[in-house]
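**Student:** Sequence first, predicted model second:
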Amino acid sequence: MKHGDFTGLAEDYSRYRPDYAPAIVRAILGIVGRPPSEVDSVDVGAGTGIFTRMLAASGVRSVTAVEPNEDMRGQGAANPENGNIVWRKGAAENTGLNSRSADLISMASSFHWADFNQAIEEFDRLLRPGGCFAALWNPRLIEVNPMLIEIEEYLAELKGGEINRVSSGRSAFTEKLTERLELCGKFCAVTYMESKHTICFTRERYVGAWRSVNDLRVQLGAQKFGEFLAWVERRIADSQIIEATYLTRAWVACKPSEAR
C-alpha cells in the first residue's frame with residue numbers, strides 16, 4: 001500500500017470515520033459571506049463524502065465532489081445520504097471543472113496529499129472573485145483520554161519509534177500553513193478557526209475507524225498493523241463505548257473580490 005492510496009479501505013472509511021465539528025461548517029460559510037442558497041461549493045479530495053454531505057446539508061446551492069480514487073468515489077456516490085451531490089473524477093491539481101465556477105472550495109483531511117503550488121493555482125482558476133478555499137482536518141485530542149494515550153504508546157512500541165502521522169491535522173504540514181497561504185499571492189485574507197466535538201464510538205466503529213487508516217498501514221506493514229488491530233480489540237473488549245474528542249481545525253483563505 002502507498003501513502004494516500006485508500007483502495008480497499010473505502011468501505012470502512014465511509015462507515016466508521018468521524019465527521020467534523022458542525023460549528024466549523026457554519027463558520028466557513030459565514031466567511032464566504034453570502035446566503036448558503038447562493039453558494040456553489042466544490043469539495044476536492046472528497047474521499048467518501050463525509051464533509052461533502054455536511055456541506056450539502058447546510059443548504060448550499062450546489063455541491064460537487066472531486067475524488068481521484070475510484071473505490072472512495074464509488075462509496076461516496078452510493079451513499080444513501082448522497083442527496084444532490086455531483087461526483088466527479090479529478091484531483092486537486094486538475095479538477096476538470098470550469099473556471100470561475102465555485103464560491104467555496106474545500107479539502108477535508110486531504111490537502112496534505114496535494115501538490116501545494118499546483119493545487120493553489122487550480123483553486124485560483126476555479127474560484128470566483130471573493131470566493132474562499134477552506135482546508136480542514138479533524139485530529140483526535142488523545143491527551144484527554146488515558147486509554148487513547150495507551151493505544152498511541154503501544155503503536156510507537158510496535159513500530160520501534162515515533163509514528164509519523166502524515167494525515168493528521170496536527171502534523172508538520174499544518175505548522176506553517178497560514179504563512180504559506182498568505183505568501184502564495186492568491187489570497188487577500190487567511191483565517192484560522194477550530195472547534196472541539198466528542199464522539200462516542202461503539203467497539204465495532206472504533207476498530208473500523210482504525211482499519212480505514214492509510215499512513216499507519218504503510219508505516220507498520222501488513223503484519224504489524226494486523227497485530228495492532230488485534231491488540232486494540234483486546235484492549236477495548238470490556239468497554240461499551242470509546243469516547244474520543246476531536247479538534248476540527250480549519251484554514252480559510254479568501255480570494256480578492258476583484259480579480260488582480
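**Tutor:** Yep, it's here. Numbering: from 1, shown residues only.
**Student:** Could you list the low-pLDDT ranges of the stretch 101-250 of the chain?
**Tutor:** Along the stretch 101-250 of the chain, segments meeting pLDDT under 70 span 162-168.
**Student:** Do you have the strands of it handy? List them.
**Tutor:** 102-108, 127-137, 189-201, 242-254 (DSSP state E, counting those that start in this stretch).
**Student:** For the second one, what is the distance to the chain centroid?
**Tutor:** Spelled out, it's strand 127-137. Centroid separation between strand 127-137 and its chain, computed with Cα atoms, centre = their mean, to the nearest Å, is 15 Å.
**Student:** got it, and the third one?
**Tutor:** Using Cα atoms, centre = their mean, the distance from the centre of strand 189-201 to the centre of the chain it belongs to is 12 Å.
**Student:** Pairing partners for it, with directions?
**Tutor:** According to DSSP bridges, strand 189-201 forms sheet pairs with strand 242-254 (antiparallel).
**Student:** tell me which residues of the top helix by length along the chain are tucked away?
**Tutor:** Counting by DSSP state H, the longest helix found in the chain is helix 215-235. Residues of helix 215-235 classed as buried: 215-220, 224-225, 228, 232 (neighbour count, 16 or more other Cβ atoms under 10 Å). For every residue, glycine as well, the C-beta is placed using N, CA and C.
**Student:** go on, stretch 194-201?
**Tutor:** 195, 197, 199, 201.
**Student:** hang on, the earlier thing: by how many degrees do the longest helix of the chain and strand 242-254 diverge?
**Tutor:** 150 degrees (axes from the mean of the first three to the mean of the last three Cα atoms, to 10 degrees).
**Student:** counting contacts, what elements does helix 215-235 pack onto?
**Tutor:** helix 146-159, helix 203-211 (3 or more Cβ pairs under 8 Å, 6 or more residues apart in numbering; DSSP states H and E).
**Student:** now these in a markdown table, with distance to residue 175 and mean neighbour count?
**Tutor:** Listed next are the helices and strands packed on helix 215-235 as a markdown table, based on distance: least, Cβ to Cβ, whole Å; neighbours: other Cβ atoms under 10 Å:
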| stretch | distance to residue 175 | mean neighbour count |
| --- | --- | --- |
| helix 146-159 | 20 | 14 |
| helix 203-211 | 25 | 18 |
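**Student:** who wins for proximity to residue 44 among those helices?
**Tutor:** helix 203-211 (22.6 Å; Cβ to Cβ).
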